[in-house]
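Q: based on what follows, work out the 3D shape:
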Amino acid sequence: QVQLAESGGGLVQAGASLRLSCAASGPTVSWYALGWFRQAPGKEREFLATVDESGANKFVIDSVKGRFTISRDNAKNTVYLQMASLKPEDTAVYYCAAATRTYTGPDDYDYWGQGTQVTVSS
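A: Next up is the predicted model:
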């Protein structure tokens, strides 16, 4: 079992930066890759980024690459999503999730956090 808890969301203006955190817990959390997704109202859940259990191997989708960065601190069992130059279209609920590998599809993730709202005003 892995428990995930996101934090760091909020209301920001366009162009601002925000760092989301996801605290992971459970006896096997170190075995899992961790990923970030988002879901805007009326849209499907969208994969954003993933990092493997070591923290060395990362993947970020092209549409946010250069603005979003994923990192992992295994000493704190925490994964981060650093977001810069935020746009109104980044408004969504952001979720972290755990999977056995660095998958990109939501169906491949076994555990999910409750989500944190990010709202970007224009």
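Q: would you map the helices across the chain?
A: With DSSP state H, there are no helices along the chain.
Q: find the residue at the geometric middle of it.
A: The chain has Trp36 as the residue nearest its centroid, 2.5 Å off, counting by CA atoms, centre = their mean.
Q: quick one, what contacts that residue?
A: Going by CB atoms under 8 Å, 6 or more residues apart in numbering, Trp36 touches 20, 22, 47-50, 68, 70, 79, 81, 94-97. Bear in mind the C-beta positions are built from the backbone N, C-alpha and C, glycine included.
Q: would you turn these into TSV with neighbour count, distance to Asp110 and pLDDT?
A: Formatted as TSV, the contacts of Trp36 follow (neighbours: other CB atoms under 10 Å; distance: CB to CB, whole Å; pLDDT from 0 to 100):
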residue	neighbour count	distance to Asp110	pLDDT
Leu20	23	20	98
Cys22	25	15	98
Phe47	19	15	97
Leu48	25	18	98
Ala49	23	17	98
Thr50	26	13	97
Phe68	21	23	98
Ile70	21	18	98
Val79	29	15	97
Leu81	27	19	98
Tyr94	24	18	98
Tyr95	24	13	98
Cys96	30	12	98
Ala97	25	8	97
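Q: from those residues, pick the one nearest Ser121.
A: Distance ranking of the contacts of Trp36 against Ser121, using CB to CB, places Tyr94 first at 16.4 Å.
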